[in-house]
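A.B. asks: Task: produce atomic coordinates for the following.
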Amino acid sequence: MDADDVIPFGSLKLGFIIFELSVRIRWCLGILQRLEELDHLAKKFHVKCATHEAWLAGKPEALASTDYLGASLTELRAMRKKHEAFLSDLGAHDARVDRIIAIAEELK
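C.D. replies: Residues are numbered from 1 along each chain as shown. Below is the predicted model:
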C-alpha cells in the first residue's frame, strides 16, 4: 500500500458530513413541499366553504316560509317549481360538500 492510496481521515469525515447534510436537505425540501401542498389545500378548502356558506345564506328562511297558506293555485305551482329547482340545486351541492369533506380529510 502506497502513501498516495491512503484516504485521509479528515476527507472521510468531511464526506460523511456532506452526505448527512444532503440527506437533511432532502428531508427539509420534502417537508417544505408537503407544507406548500397543505397551504394550497387549506386555501381551496376555505374558498369552497365560503362559496357553500354563501349558497346556504337565506335557505332556512325560504324553506320555513308559509307563503303558500293564502296562495292561489297558480302561485302554488310556481312555488312548487321553485322548490323543485331548489331540490335539484341541493342535489348538485351534495357533490360539492363531499369534495369539501375530502379536502378536510386530506388536511388532517
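A.B. asks: Look up the pLDDT of residue 4 for me, please.
C.D. replies: The predicted structure scores residue 4 at 57 on the pLDDT scale.
A.B. asks: Please disregard the earlier target; I meant residue 1.
C.D. replies: pLDDT for residue 1: 48.
A.B. asks: Where in this structure is the helix or strand with the lowest mean pLDDT?
C.D. replies: Of all regular secondary-structure elements in the chain, judged by mean pLDDT, DSSP states H and E, the least confident is helix 59-64 with a mean of 79.
A.B. asks: next helix or strand past it?
C.D. replies: As assigned by DSSP states H and E, the chain's next helix or strand after helix 59-64 is helix 73-107.
A.B. asks: Check the protein for its longest helix and report it.
C.D. replies: Using DSSP state H to define each element, the chain has its longest helix at helix 9-56.
A.B. asks: distance between that one and the chain's centre?
C.D. replies: The gap between where helix 9-56 is centred and where its chain is centred comes out at 16 Å by CA atoms, centre = their mean, to the nearest Å.
A.B. asks: Next, the angle helix 73-107 makes with it.
C.D. replies: Computed by axes from the mean of the first three to the mean of the last three CA atoms, to 10 degrees, the angle separating helix 9-56 from helix 73-107 equals 170 degrees.
A.B. asks: residues near residue 94, how many?
C.D. replies: Per other CB atoms under 10 Å, the neighbour tally for residue 94 reads 9. In this view, the C-beta of every residue, glycine as well, is placed from N, C-alpha and C.
A.B. asks: now residue 76
C.D. replies: Around residue 76 sit 12 other residues, with neighbours defined as other CB under 10 Å.
A.B. asks: I figured it hits residue 68, correct?
C.D. replies: Yes. Counting by CB atoms under 8 Å, residue 76 does reach residue 68; the two are 6.1 Å apart.
A.B. asks: what ranges of the chain fall below the confidence cut-off?
C.D. replies: In the prediction, the chain carries residues with pLDDT under 70 at positions 1-9.
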